[in-house]
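J.: Below is the structure, and that's it, no one-letter string:
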């Protein structure tokens with residue numbers, strides 16, 4: 001009997017108990033399965049565990065790819081450590097689920113007994129409704145990377161989880177297809193906060209899987225889901241009420257970045273930290289909560305945003321699993337890491353014990369390129385991600401804090417603007433190591449920064465980030 005254990009124990013069963021189970025749900029006459037095996041599996045869906053990736057305990061008893069068990073940590077103060085990444089894929093080639101084509105099957109009434117058919121219809125899985133749901137999913141980032149058959153399975157899993165269905169027959173005989181498409185549904189739908197994994201049951205005859213039924217791992221009952229949804233709606237509506245009305249996507253993205261950071265504390269012990277409840281109800285979360293909250297709000301504002309998973313290099317460790325976002329700003333893709341933008345991460349995670357070393361909001365990870373994010377983030381291959389080359393809507397470019405050469409007049413202009421708007425600091429972002437070195441020499445080594453200060457005390461506090469080529473002077 002095949003089984004799989006991924007972060008949780010597998011559930012298996014056989015013999016007379018399973019014959020009775022088959023008879024009870026009306027799958028088929030148990031006598032016709034005398035030579036077969038029916039096995040049930042459970043799989044967790046976890047994005048951050050705050051432990052190094054190589055220490056995640058994963059045991060396979062069938063050929064199965066790693067689940068999305070993402071541990072988290074992060075750092076905006078990395079001493080130049082870079083996790084390099086070679087990403088030459090400029091185009092999305094093929095479909096993510098093309099290898100599963102032979103396992104997809106169009107379910108016909110003649111293939112499905114009445115009880116399984118009734119269960120599908122009760123949850124809303126009819127041919128007409130599936131087509132309607134598929135049309136509604138058009139434009140969702142992960143959904144668009146599936147074949148048409150994969151999109152049908154996607155719609156089935158979505159309907160099952162939305163209806164909190166159990167033991168619902170799906171249109172594939174591949175548990176690997178279920179794993180991939182489940183991950184894609186969760187990537188597109190941060191509002192499914194009440195599911196943390198899934199169970200599936202394989203019906204096997206002569207060692208061949210003939211049917212699979214799917215059940216979501218539901219964290220709460222329907223009443224609790226409704227209660228939490230009401231609280232989430234109130235929090236989300238409060239955020240949306242203050243969103244800028246500009247047609248320039250940059251302002252909405254910056255607003256959401258700031259809002260989540262200012263209303264959330266990084267806390268590895270926060271409850272529900274793998275879903276949006278931690279942000280919108282409790283105000284305490286880790287990377288997956290931050291990223292899914294940003295995704296939810298930006299999508300409601302009409303700005304495409306999706307979840308990105310991978311590993312990061314921090315001051316304290318390497319190869320640590322993490323989640324952030326891909327966002328479409330004014331028709332160009334950028335990466336955004338709200339968690340690393342929150343200063344509370346630095347002290348809570350142990351990356352820094354001194355809160356005066358960085359501003360409350362760190363903009364090093366707002367609308368950055370693939371080259372920039374790859375200095376300390378490595379993107380997983382769970383889903384194709386584009387190469388982001390644009391710098392047009394990078395925070396520092398938009399705020400005129402981006403220096404392509406060491407020009408004293410531009411430095412003076414920046415200091416004067418920050419004094420005028422009452423800022424607590426002046427932040428300088430350098431386009432290259434050469435520019436960073438030149439400005440470091442001019443402003444710090446040669447003490448030229450005092451030429452731009454209004455304060456005549458003769459002292460100034462500053463913080464430098466060599467890996468992101470950023471320097472901060474405190475006013």
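T.: Received the coordinates, thanks. Fair warning: this is a prediction, and the values are worked out from it, not measured in the lab.

J.: I'd guessed residue 321 sits against residue 310; true?
T.: Yes - counting by CB atoms under 8 Å, residue 310 is a contact partner of residue 321 at 7.3 Å. Using the backbone N, CA and C atoms, a C-beta is placed for each residue, glycine as well.

J.: Do a quick rundown of the helices in the stretch 151-300 of the chain.
T.: Assigned by DSSP state H, counting those that start in this stretch, the stretch 151-300 of the chain shows helices spanning 175-188, 222-241, 249-262, 277, 287-300.

J.: So between residue 321 and residue 310, which is more surrounded?
T.: residue 321 (27 against 22; other CB atoms under 10 Å).

J.: just how off-centre is the helix or strand encompassing that one within its chain?
T.: When elements are assigned from DSSP states H and E, residue 321 belongs to strand 320-329. Remark: strand 320-329 is offset 6 Å from the chain centroid, using CA atoms, centre = their mean, to the nearest Å.

J.: now the helix or strand that it is followed by: mean pLDDT?
T.: Following strand 320-329 in sequence order, the next helix or strand is strand 332-336 (DSSP H and E). The pLDDT scores in strand 332-336 average 98.

J.: got the contact list for the helix or strand just after strand 332-336?
T.: From strand 332-336 onward toward the C-terminus, using DSSP H and E, the following helix or strand is helix 338-341. Contact with helix 338-341 is made by 72, 74-76, 257, 260-261, 266, 286-287, 290-291, 293-294, 322-325, 345, 361-366, as judged by CB atoms under 8 Å, 6 or more residues apart in numbering.

J.: what's the closest of the helices of the stretch 151-300 of the chain to residue 206?
T.: helix 175-188 (17.6 Å; CB to CB).

J.: was I right about residue 257 contacting residue 294?
T.: Yes - judged on CB under 8 Å, residue 257 makes contact with residue 294 at a distance of 7.1 Å.

J.: Neighbour count: these two, which is higher?
T.: residue 294 (29 against 26).

J.: quick one, what contacts that one?
T.: Residue 294 touches 256, 257, 260, 305, 325, 336, 338, counting by CB under 8 Å, 6+ apart.

J.: next one: residue 129
T.: Residue 129 makes contacts with residue 159, as judged by CB under 8 Å, 6+ apart.

J.: quick one: low-confidence parts of this protein?
T.: For the chain, residues meeting the criterion pLDDT under 70 lie at 1-93, 109-111, 346-357.

J.: if we can go back for a sec, and the strand holding residue 321 with helix 249-262, angle?
T.: Strand 320-329 runs at 150 degrees relative to helix 249-262, counting by axes from the mean of the first three to the mean of the last three CA atoms, to 10 degrees.

J.: which helices and strands sit right next to strand 320-329?
T.: Contact partners of strand 320-329 among helices and strands, from 3 or more CB pairs under 8 Å, 6 or more residues apart in numbering; DSSP states H and E: helix 249-262, helix 287-300, strand 305-312, strand 332-336, helix 338-341.

J.: closest one to residue 462 among these?
T.: Among these, helix 338-341 sits nearest to residue 462 (CB to CB), with 20.0 Å.

J.: In space, what's closest to residue 251 - neighbours in sequence excluded?
T.: With sequence-adjacent residues excluded and distances taken as CB to CB, 6 or more residues apart in numbering, residue 251 is closest to residue 244, at 4.4 Å.

J.: Would you map the strands across the stretch 351-475 of the chain?
T.: For the stretch 351-475 of the chain, the strands defined by DSSP state E, counting those that start in this stretch occupy 377-379, 402-403, 425-430, 461-465, 470-474.

J.: right, and those - which one's nearest residue 116?
T.: Here strand 377-379 is closest among these (CB to CB), at 39.1 Å.

J.: Sheet-wise, list the partners of that closest one with their directions.
T.: Partner strands and pairing direction for strand 377-379 (DSSP bridges) are strand 305-312 (antiparallel).

J.: returning to what we had before: determine which two of the contacts of residue 294 are furthest apart.
T.: Pairwise distances across these (CB to CB) peak at 11.9 Å, for the pair 260 and 305.

J.: where do the helices sit along the stretch 351-475 of the chain?
T.: 370-373, 395-398, 408-420, 433-440.

J.: Packed most tightly, which of these would that be?
T.: For the helices of the stretch 351-475 of the chain, average neighbour numbers computed from mean count of other CB atoms under 10 Å are highest in helix 395-398, which has a mean of 21.

J.: residues making contact with that one?
T.: 250, 254, 363, 366, 367, 391, 401, 402, 427, 429.

J.: change it to 10 Å
T.: 248, 250-251, 253-254, 257, 329, 334, 336, 341, 361-368, 390-392, 401-404, 427-431, 468-470 (CB atoms under 10 Å, 6 or more residues apart in numbering).

J.: how about the helices and strands packed on strand 320-329 in JSON lines, adding distance to residue 115?
T.: As requested, those are exported to JSON lines (distance: least, CB to CB, whole Å):
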{"stretch": "helix 249-262", "distance to residue 115": "45"}
{"stretch": "helix 287-300", "distance to residue 115": "35"}
{"stretch": "strand 305-312", "distance to residue 115": "36"}
{"stretch": "strand 332-336", "distance to residue 115": "46"}
{"stretch": "helix 338-341", "distance to residue 115": "45"}
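
J.: and residue 146, which of these is closest to it?
T.: For residue 146, the closest of these is strand 305-312, at 14.0 Å, according to CB to CB.
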